[in-house]
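>>> Pasting the sequence and the predicted coordinates here, then a few questions.
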Amino acid sequence: QKEVEQDPGPLSVPEGAIVSLNCTYSNSAFQYFMWYRQYSRKGPELLMYTYSSGNKEDGRFTAQVDKSSKYISLFIRDSQPSDSATYLCAPPITGGYNKLIFGAGTRLAVHP
Amino acid sequence: EAQVTQNPRYLITVTGKKLTVTCSQNMNHEYMSWYRQDPGLGLRQIYYSMNVEVTDKGDVPEGYKVSRKEKRNFPLILESPSPNQTSLYFCASSYNRDGGIGYTFGSGTRLTVV
């Protein structure tokens, strides 16, 4: 079993839709969680992070963590064509290994 | 502008011909890592470095070497490339030893080994 799993998509939605991107993980030791966004032919960039269970909101984006079920979600409200990208969830391994455990990513396409 | 610069962006080479992918950061970060990205597998760490002359293996180090002689540079060396090393490679640097929050990625190097 992979440590972090995501549905690869592609997920295609109309502009203005609410998007839900999901991620499951198996390692209970993960202490905080990142969402990265990767545009085509670019490196990943940090979108949001959260330390604990519950919700964290940043503009149109909301990250949600449920540690009891090992489930992470990213919601995008009022989606825009510029949100078209691959979204990667990535909990880091603590202990000084400078390492993130990436999911394979979900490809999102928002069409006008 | 704070950035991680990788070169080259695209490279096609033949099996066995040694190559180096360069990585340089201008943020004075102590920590640097190399990842490879393959379809369906996500990004996997190859090597990381905690500071000058301090490096260690990640999850997929076989066939790769790194060096960290200066804080800003962290080249990835493939002594004898093979077709299974065809991939998209990313260098990243961070001020945080666990990575993550402070990670800045380069734009990637697409390597094809024929």
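Nice, thanks for sending it over. Numbers count the residues shown, from 1 in each chain, chains lettered A, B, ... in the order given.
>>> where are the low-confidence patches of chain A?
Residues of chain A meeting the criterion pLDDT under 70: A:1, A:52, A:94-97.
>>> where do the helices sit along chain B?
Assigned by DSSP state H, chain B shows no helices.
>>> burial measure for residue 106, as a count.
Because you didn't say which chain, this covers chain A. 21 (other Cβ atoms under 10 Å in any protein chain shown). Where C-beta positions appear, they are placed from N, C-alpha and C, glycine not excepted.
>>> that's the wrong chain, I meant chain B
By the criterion of other Cβ under 10 Å, B:Gly106 has 25 neighbours.
>>> need the contact list for it.
A:43, B:3-6, B:23, B:90-92 (Cβ atoms under 8 Å, 6 or more residues apart in numbering or on different chains).
>>> what's the closest of those residues to B:Pro75?
Of all the contacts of B:Gly106, B:Cys23 has the smallest distance to B:Pro75: 6.3 Å, by Cβ to Cβ.
>>> who in chain B is up against chain A?
For chain B, the contact set with chain A under Cβ under 8 Å from any Cβ of the partner chain comprises B:4, B:31-33, B:35, B:39-45, B:48-50, B:56, B:58-59, B:90, B:92, B:94, B:97-101, B:103, B:105-108.
>>> Between which two of the contacts of B:Gly106 is the distance greatest?
Within the contacts of B:Gly106, B:Gln3 and B:Phe90 form the most distant pair, 13.1 Å apart (Cβ to Cβ).
>>> Identify the residue nearest the one residue in chain B that gets nearest to chain A in space, chain neighbours excluded?
Closest residue of chain B to chain A, Cβ to the nearest Cβ: B:Phe105 (3.2 Å). Distances taken as Cβ to Cβ, 6 or more residues apart in numbering or on different chains put A:Gly43 closest to B:Phe105, at 3.2 Å, once the chain neighbours are dropped.
>>> Pretty sure that neighbour sits against B:Thr109.
No - if you go by Cβ atoms under 8 Å, A:Gly43 and B:Thr109 don't touch, sitting 10.2 Å apart.
>>> can you list residues touching both of those two?
Residues within reach of A:Gly43 and of B:Thr109 at once, by Cβ under 8 Å, 6+ apart, are B:Phe90.
>>> Okay, and the beta partners of A:Ala63?
Listed beta-bridge partners, A:Ala63: A:Lys56, A:Leu74 (assigned using DSSP bridges).
>>> how many other residues sit next to residue 102?
Since no chain was named, I'll use chain A. By the criterion of other Cβ under 10 Å, A:Phe102 has 24 neighbours.
>>> Chain B, not that one
17.
>>> Since that was my last question, I'll sign off now.
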